[in-house]
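Colleague: Got a sequence here, can you model it:
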Amino acid sequence: MEMITGGVTAAKGFQAAAAAAGIKYQDRMDMAMIVSQVPAVTAGTFTTNVVQAAPVKWDKRLVMEESHARAVVVNAGIANACTGAEGMEYCKKTAEAVEHVLGISASQVLVASTGVIGMQLPMEKLTSGIEAMAPELKDTKESGHQAACAIMTTDTKAKEAAVTFEVEGRTVTLGGMCKGSGMIHPNMCTMLGFLTTDLAISKELLQEALREDIADTYNMVSVDGDTSTNDTVLLLANGMAGNPEIIQKDENYQKFKEALKYVNTALAKMMAGDGEGATALFETQVIHADTKEHARTLAKSVICSSLTKAAIYGHDANWGRILCALGYSGVTFDPEAIELFFQSKSGRIQIYQNGTAVNYSEEEATKILSDPEVTVLVDMKMGEEEAAAWGCDLTYDYVKINADYRS
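Modeller: Okay, here's the model as predicted:
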């Protein structure tokens, strides 16, 4: 597997475009479109929130009932959530607008929205945006990057990743983009993710691979503990790499799963590090847990702790907050058996062992915690399972951003 620059246009046969439609933002691009030259088998995972936005309902039906898709249309600024029958009709009208300008059946058009809940989409602006994007569709890195920029809301940077790998002598590419900065919590974090590959693979295996991978990537991210109404990850595979179709869980399937995990992990970490108001990516690695599920639970408990997140912001080696978060996670363990470490590019330091603090340097710990990427390593001393979770520090700016989000 080789890491390359690019995003949703890296794979063969995928084009993208962006437009400034003025849906909510008046000074930037706020619509994106991804199109496959040929029909692509499609997989999707969606929010676990009982309150689900119209685009989530639309996409879930299409992913389940249709064998292929060809286009995805995304708008930023208005979520089209809690909008009733009118919101569902706007999903249909969006797909029909793509059908009108590109000749792609509305049943092969997926839609996604992110932004303020409860507002209706301005369909005239949305339709105009689709019309503007149609002639601008390109397979260049720049067009993919513009699409990644256009789907942002409170994000401060575009999020893209791509890799290549070999299947039966053919070079296969997998690329993706995502957005997410606030209302992010495990179980599909307001995140949107879009993945494209030129791999030939069955729809059943594509869906299984995505569903399994989500558990250790996007579902291990938390910024603020809020699970959105709009969370969606879509994966399109158009087969244009020309490899023999993957229809069983063989070595080629495992290569694809490895590539998928790399891209999704990279995007998940970008999202966590760009949490609203964040100054640092905060990772928790749990090793030597007794079960995989316990490892996940423990890691998520630490990165979800508001007190720990605040300590990371203050570069304060307050290990008691970490131990506390592990203790209320619901996992039973011996507190005197585990070990805790802080690490970053500045070094690694042990802070807890045998039920008490070790004799560490507060100055060294502060230096480590002052880096833009900080990791807490928890050695449970119970087994061989491990998991990682990603979050960010909790800053004054998080409150400022969310206090006036609608305005």
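Colleague: what about G144, which SS state?
Modeller: Using DSSP: H, G, I helix; E, B strand; the rest coil, the structure places G144 in helix.
Colleague: per-residue confidence for it?
Modeller: As predicted, G144 sits at a pLDDT of 98.
Colleague: Near it, how many other residues are there?
Modeller: 32 (other Cβ atoms under 10 Å). (C-beta placed from N, C-alpha, C; glycine too.)
Colleague: Pretty sure it sits against G175.
Modeller: Yes: G144 is in contact with G175 according to Cβ atoms under 8 Å; the separation is 7.3 Å.
Colleague: residues shared between the contacts of the two?
Modeller: Taking Cβ atoms under 8 Å, 6 or more residues apart in numbering as the contact criterion, the common neighbours of G144 and G175 are G6, G7, V8, T9, A10, E160.
Colleague: Filter these down to just the ones in strands.
Modeller: E160 (DSSP state E).
Colleague: tell me the two of the shared contacts of G144 and G175 that are most distant?
Modeller: Greatest spatial distance among the shared contacts of G144 and G175 (Cβ to Cβ): T9 and E160, at 9.6 Å.
Colleague: Neighbouring strands - and their directions - for the longest strand belonging to the chain?
Modeller: Looking across the chain with DSSP E, the single longest strand is strand 31-46. Taking DSSP bridges as the criterion, strand 31-46 forms sheet pairs with strand 14-19 (antiparallel), strand 69-78 (antiparallel), strand 232-237 (antiparallel).
Colleague: That strand - what's its average pLDDT?
Modeller: 97.
Colleague: Off-centre distance for that strand?
Modeller: Counting by Cα atoms, centre = their mean, to the nearest Å, strand 31-46 is centred 16 Å from the centre of its parent chain.
Colleague: what comes up buried for it?
Modeller: Across strand 31-46, burial judged by 16 or more other Cβ atoms under 10 Å covers 31-36, 39-46.
Colleague: go on, stretch 388-401?
Modeller: Going by 16+ other Cβ under 10 Å, stretch 388-401 has these buried residues: A388, A389, W390, G391, C392, D393, L394, T395, Y398, I401.
Colleague: Quote the end-to-end distance of it.
Modeller: 27 Å (Cα to Cα, to the nearest Å).
Colleague: Tell me, how many residues neighbour G84?
Modeller: Neighbour tally, G84, other Cβ under 10 Å: 9.
Colleague: which one is N318 nearest to, not counting chain neighbours?
Modeller: With sequence-adjacent residues excluded and distances taken as Cβ to Cβ, 6 or more residues apart in numbering, N318 is closest to A311, at 4.2 Å.
Colleague: With K93 instead?
Modeller: M123 (5.7 Å).
Colleague: Model confidence at the one you found, what's the number?
Modeller: 96.
Colleague: Tell me the spacing between the residue lying farthest from the centre of the chain and D379.
Modeller: Distance from the centre of the chain peaks at N359, with 38.7 Å (Cα atoms, centre = their mean). Distance, N359 to D379, using Cβ to Cβ, to the nearest Å: 18 Å.
Colleague: same deal with L174?
Modeller: Taking Cβ to Cβ, one finds L174 at 33 Å from D379.
Colleague: What of C392?
Modeller: Applying Cβ to Cβ to C392 and D379 gives a distance of 23 Å.
Colleague: now do V331
Modeller: 14 Å.
Colleague: Please apply the same query to Q254.
Modeller: Distance from Q254 to D379, by Cβ to Cβ: 28 Å.
Colleague: With neighbour numbers in mind, choose between those two.
Modeller: D379 (19 against 12).
Colleague: Just confirm the more buried one contacts E339, I think it does.
Modeller: Yes: between D379 and E339 there is a contact at 4.4 Å, judged by Cβ under 8 Å.
Colleague: residues touching F194, list them.
Modeller: The neighbourhood of F194, defined by Cβ under 8 Å, 6+ apart, consists of V8, I34, V72, V74, A112, G176, M177, C178, V233, L234, L236.
Colleague: all helices for the stretch 51-200 of the chain, in order.
Modeller: 54-65, 84-102, 123-133, 141-150 (DSSP state H, counting those that start in this stretch).
Colleague: Let me know which of these is tucked in deepest.
Modeller: Highest mean neighbour count of these: helix 141-150, a mean of 23 (counted as mean count of other Cβ atoms under 10 Å).
Colleague: what sits up against it?
Modeller: By Cβ under 8 Å, 6+ apart, helix 141-150 touches 5-10, 15-19, 28-34, 74, 76, 136-137, 158-160, 175, 177, 179.
Colleague: just to revisit the earlier point, mind listing the shared neighbours of T9 and E160?
Modeller: G144, G175.
Colleague: neighbour-wise, which of the two wins?
Modeller: T9 (31 against 25).
Colleague: Please tell me how far the more buried one sits from A162.
Modeller: With Cβ to Cβ as the criterion, T9 and A162 are 9 Å apart.
Colleague: what residues are shared contacts of the two?
Modeller: What both T9 and A162 touch, as defined by Cβ under 8 Å, 6+ apart, is the set G175.
Colleague: Angles on the backbone of D274, please.
Modeller: Note on D274: backbone dihedrals following degrees, to the nearest 10 are phi -110, psi 20.
Colleague: Could you report the neighbour count for it?
Modeller: 23.
Colleague: Renumber starting at 627 from here on
Modeller: Sounds good: first residue 627 from here, last item D900.
Colleague: if I look at it, how far off is V847?
Modeller: D900 is 11 Å from V847, where distance means Cβ to Cβ.
Colleague: so which two of the contacts of F820 are the farthest from each other?
Modeller: Farthest pair in those, by Cβ to Cβ: C804 and L862, 14.4 Å.
Colleague: So T1001 sits against V912, correct?
Modeller: No: using Cβ under 8 Å as the test, T1001 is too far from V912 to be in contact (11.2 Å).
Colleague: who's more crowded, those two?
Modeller: Using other Cβ under 10 Å, the more surrounded residue of T1001 and V912 is V912, with 28 against 18.
Colleague: who's in contact with the more buried one?
Modeller: A921, R922, L924, A925, V1004, M1006, E1012, A1013, A1014.
Colleague: Over to the last one. Which of the three states is it?
Modeller: Spelled out, it's A1014. strand.
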